[in-house]
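Asks: Predicted model and sequence below, questions to follow.
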Amino acid sequence: MSLDKLGFESILNHMVQYQSIQLDGAFTALSDATRRGILAWLGRADASITELAAKFQMTLTGMKKHIGILERSGLVSTEKVGRVRTCTLGPRRLEEAAAWIEDYRQLWQARFDELDQIVAELNQDSSRE
């Protein structure tokens, strides 16, 4: 049976939707300055939720909500040992988000390069007059 008969478009659409969900989670997690700060802090050293709450001057409940969002996105992992829940950078990094951003950066760079060329041509034309 060929891939066309199996619904290749359906499979591809599912893959795109899955990637979109992952990107949405990463961008949601990164949309808040506190969560970006938490990621930066965890990039230097693991920390407990209590330590992070103190560092960012917020309640434990507030920090747990931020950590939950980061954990669902895969950017942070937590492990509970006794009464302490320790946070570390998660298994998912920002490669997908960075690749998405790079694709659009290249697209816009190409458009700006074309615009620069048009402006240069217009300037040449006006200097000839």
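Replies: Sure thing, it's come through. Residues are numbered from 1 along each chain as shown.
Asks: Show the low-confidence segments of this structure, by residue range.
Replies: For the chain, the stretches with pLDDT under 70 are 1-19, 129.
Asks: repeat that for 90
Replies: Per-residue confidence for the chain (pLDDT under 90) gives these ranges: 1-26, 90-101, 103-104, 121, 123-129.
Asks: According to the record, where do the domains of it fall?
Replies: Following automatic domain parsing, one finds the domains of the chain at 3-92, 94-129.
Asks: Any chance of those domains in TSV with mean neighbour count as columns?
Replies: From N, CA and C alone the C-beta is placed, and that goes for glycine too. What follows is the domains of the chain, written out as TSV (neighbours: other CB atoms under 10 Å):
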stretch	mean neighbour count
domain 3-92	14
domain 94-129	10
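Asks: Show me how far the host helix or strand of Ser127 is from its chain's centre.
Replies: In the assignment (DSSP states H and E), Ser127 maps to helix 95-128. Mean-position distance between helix 95-128 and its chain equals 24 Å (CA atoms, centre = their mean, to the nearest Å).
Asks: what do you get for stretch 44-51?
Replies: That offset, for stretch 44-51, works out to 21 Å (CA atoms, centre = their mean).
Asks: how long is it from one end to the other?
Replies: Distance across stretch 44-51, first residue to last, is 14 Å (CA to CA, to the nearest Å).
Asks: what does it contact?
Replies: Contacts with stretch 44-51, where a contact means CB atoms under 8 Å, 6 or more residues apart in numbering, come from Trp41, Lys55, Leu60, Met63, Lys64, Ile67, Thr78, Val84, Arg85, Thr86, Cys87, Thr88.
Asks: Could the C-alpha coordinates of the strand or helix carrying the last one be exported in PDB?
Replies: Following DSSP H and E, the helix or strand that holds Thr88 is strand 84-89. What follows is strand 84-89 as a C-alpha-only set of coordinates in PDB (Å, rounded to 0.1, in the frame of the first residue of the first chain):
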ATOM      1  CA  VAL A  84      12.400  19.300  48.900                       C
ATOM      2  CA  ARG A  85      11.500  19.600  45.300                       C
ATOM      3  CA  THR A  86      14.600  20.400  43.300                       C
ATOM      4  CA  CYS A  87      14.400  22.000  39.800                       C
ATOM      5  CA  THR A  88      16.900  21.400  37.000                       C
ATOM      6  CA  LEU A  89      17.000  22.300  33.300                       C
END
